[in-house]
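1. Structure for the following, please:
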Amino acid sequence: MGLGALSWAVFEWARNPYVLLMVIYVFAPYLTNVVLGGGARGQTIFSSWQTLSGAIVALTSPFLGAAADRMGHRKPLLALTVAVMAPAVFFQYWALPHQAALPLWAIQAIAITAGVSYSWTEVLHNSMLTLAAKPNQVSQVSGLGLALGNAGGLLVLIFVLFAFALPGRIPIPGLPDHPLFGLNPAAFEPQRIVAPIVAVWLVVFAVPLFLFTPDRNPSGESLIKAIYHGVGNVARTILKLFREFRNVGLYLIARMIYVDGTTGVIVFGGIYASLALHWGFLEMLAFGVILSIFAVAGGFVSAWLDDWLGAKRAVLIEVIVTLLCLLIEVSITPTSMFFVIAADPSQHVWAGPIFRTAPEVLYLASSIVIAISITATYASSRALMAHLSPPGMEGELFGLYALSGSASAWLAPLMVTVFTAVYQSPRAGFGAIGLLLIVGFLLLVFVKPPPRPV
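-> Below you'll find the model as predicted:
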């Protein structure tokens, strides 16, 4: 594996802490429960932001990919999206309750900008995979990227845990008595500080890709003209999906559905745990650290399954494992497991400070398997897309690939909201995500796998 391929993978190390800290384990729960008021109101507002962000991505990402194809080189556009994303993440530090620093509309604007630009970096970064890796190394490089991404997020999570969450809570030798840098827990500074940390991390570790990863030669076409002509290219590509590339089109539809489900499991798995099991800041950080450790293995599991069974069969296995573990998670409450087995919340299975009851341990175990399977799903799906993409159309098709995943920003939250409201149950809302996994799995069965690379 060359330096260019490794640098491509390292970009995931730069990007992924945004997902783990800002979207899943730290900032989104703080935003929903504290800034937005918590409860149904907080979740409704947060879901509406996710919906708007997803709509913008859906309307723009294919044209961004098509423009990149016409311009030839990807790095200038990628640098621009990083330059937009980093400040948008950084400024979320000033998201305070009661609009004490920023008005709610400004918090909404920068949060959506960060989410949209993150998706744009995904389009451009993914479209460079076949430039960075040899055909027989695509699965390995894709898996390495996901593994490094989770490893990077894990390191940041561990730092936040020991620097800001544990001090003053658990007596550990060498642990400070108070959060570092004088951060004030009463002002939610330990939660908010992750925004500047993630922004700086992104900028620093994005550098190797721009220095070492190969790029196509520039075509000389300007961005405005490339976008203008790219609209026609996308329209023609969509028509080709139904005429010449029906198999690719079917795969993109299947992926749209099952990625809705996997992303929903990731985002709402933490929220469900905080609601159903009453986990707080310390528990959620520890939860994120543990899951990230095991998620690192997901990238390598995907490469192993891809080599052994092929990318399509690998994805099928990964999706069904996620579904089974989701069913286990929705069966858990503080007083029950598997829907019918009673559990006494006063009985502890071990003497540790957190995750002490049997339902908590079962939820944690199921989440560990999900962390591995979902990471593997993303890596295997990306490798399958690369193998299915005709040469010269990678950017445009990866734009549609991002479009096929953008529904997860609004469809899964919408299903959670509707099912929760209808049945007045967070369990019903979280469990509804399983329907997306089932439909996506069934559609993927009919996708013809690509030839095995040599």
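2. my guess is S127 contacts A68, does it?
-> Yes - S127 is in contact with A68 according to CB atoms under 8 Å; the separation is 6.1 Å. For every residue, glycine as well, the C-beta is placed using N, CA and C.
3. count of residues packed around L239?
-> Applying other CB atoms under 10 Å, we find 11 residues neighbouring L239.
4. Could you do G182 as well?
-> Taking other CB under 10 Å as the criterion, the count of residues near G182 is 7.
5. Touching, L277 and A358? I think so.
-> No - here L277 lies out of contact with A358, judged by CB under 8 Å, at a distance of 11.6 Å.
6. for the longest helix along the chain, packing partners?
-> In the chain, assigned by DSSP state H, the helix with the most residues is helix 39-71. When contacts are defined as 3 or more CB pairs under 8 Å, 6 or more residues apart in numbering; DSSP states H and E, helix 39-71 sits against helix 75-90, helix 104-127, helix 223-243, helix 394-406, helix 411-423.
7. Which one of those lies nearest to P176?
-> With CB to CB as the criterion, P176 lies closest to helix 75-90 of those, at 24.7 Å.
8. Pull out the buried positions in the closest one.
-> The neighbour-count criterion (16 or more other CB atoms under 10 Å) identifies 75, 77-78, 81-82, 84-86, 88-90 as the buried residues of helix 75-90.
9. Also stretch 50-65?
-> By neighbour count on 16+ other CB under 10 Å, the buried set for stretch 50-65 is 50-58, 60-65.
10. ok so, going back, let me know the closest of the buried residues of helix 75-90 to I110.
-> The shortest approach to I110 among these belongs to A88, at 4.7 Å (CB to CB).
11. need the contact list for the closest one.
-> Residues in contact with A88, defined by CB atoms under 8 Å, 6 or more residues apart in numbering, are 110-111, 113-114, 117.
12. so which of the helices and strands packed on helix 39-71 is the most packed in?
-> Per-stretch averages of neighbours, counted by mean count of other CB atoms under 10 Å, single out helix 394-406 among the helices and strands packed on helix 39-71, with a mean of 27.
13. avg pLDDT for it?
-> Taken as a whole, helix 394-406 carries a mean pLDDT of 67.
14. try stretch 253-268
-> Across stretch 253-268, pLDDT averages out at 87.
15. ok now that stretch, how far from the chain's centre?
-> From the chain centre to the centre of stretch 253-268 is a distance of 10 Å (CA atoms, centre = their mean, to the nearest Å).
16. need the helices for the stretch 351-454 of the chain, in chain order.
-> Counting by DSSP state H, counting those that start in this stretch, the stretch 351-454 of the chain forms helices over residues 358-388, 394-406, 411-423, 426-431, 433-445, given from the N-terminal end onward.
17. for the last one, packing partners?
-> Contacting helix 433-445 under the criterion 3+ CB pairs under 8 Å, 6+ apart are the following elements: helix 246-276, helix 311-330, helix 411-423.
18. among the helices and strands packed on helix 39-71, which gets the worst mean confidence?
-> For the helices and strands packed on helix 39-71, where the average pLDDT is lowest is helix 394-406, sitting at a mean of 67.
19. so where's the stretch 151-300 of the chain shaky on pLDDT?
-> Counting by pLDDT under 70, the ranges of the stretch 151-300 of the chain that qualify are 168, 230, 233-234.
20. Check which helix or strand W350 maps to.
-> When secondary structure is defined by DSSP states H and E, W350 falls outside every helix and strand.
21. What of W13?
-> With DSSP H and E as the test, W13 turns up in helix 3-17.
22. which of the residues in that helix are buried?
-> Neighbour-count burial for helix 3-17 flags 4-17 (criterion: 16+ other CB under 10 Å).
23. hang on, the earlier thing: closest one to P135 among the helices and strands packed on helix 39-71?
-> Among the helices and strands packed on helix 39-71, the nearest to P135 by CB to CB is helix 394-406 (12.3 Å).
24. close enough to count as contact, A297 and I374?
-> No - A297 sits out of contact with I374 when judged by CB under 8 Å, with a separation of 11.8 Å.
25. Give me the more crowded residue out of the two.
-> I374 (26 against 17).
26. The residue nearest to the more buried one when sequence neighbours are not counted: neighbour count?
-> For I374, ignoring the flanking residues on the chain, the nearest one in space by CB to CB, 6 or more residues apart in numbering is T262 at 4.8 Å. The local packing of T262 (other CB under 10 Å) involves 29 other residues.
27. Same question for F446.
-> Residues contacting F446 under the criterion other CB under 10 Å number 10.
28. Could I get the phi/psi values of it?
-> In terms of degrees, to the nearest 10, the main-chain angles of F446 are phi -90, psi 0.
29. Now do the contacts for V160.
-> Under the criterion of CB under 8 Å, 6+ apart, the neighbours of V160 are 21, 26, 190, 193-194, 197, 285.
30. That one and V194, how far apart?
-> Counting by CB to CB, to the nearest Å, the gap from V160 to V194 is 6 Å.
31. swap in I107?
-> The separation that I107 has from V194, given CB to CB, amounts to 15 Å.
32. now swap in V259 and tell me
-> Shown here: V259 relative to V194, a distance of 25 Å by CB to CB.
33. So which of those two has more stuff around it?
-> Set V259 next to V194 and count neighbours by other CB under 10 Å: V194 wins out with 28 against 25.
34. ok now do that one, which residues does it touch?
-> Taking CB under 8 Å, 6+ apart as the criterion, V194 is in contact with 21-22, 26-27, 156, 160.
35. Go again with 6 Å.
-> Contacts for V194 were tallied using CB atoms under 6 Å, 6 or more residues apart in numbering; they are 21, 26-27, 160.
36. same thing with T213?
-> The neighbourhood of T213, defined by CB under 6 Å, 6+ apart, consists of 4, 7-8, 132.
37. now swap in V321 and tell me
-> Contact partners of V321, counting by CB under 6 Å, 6+ apart, are S373.
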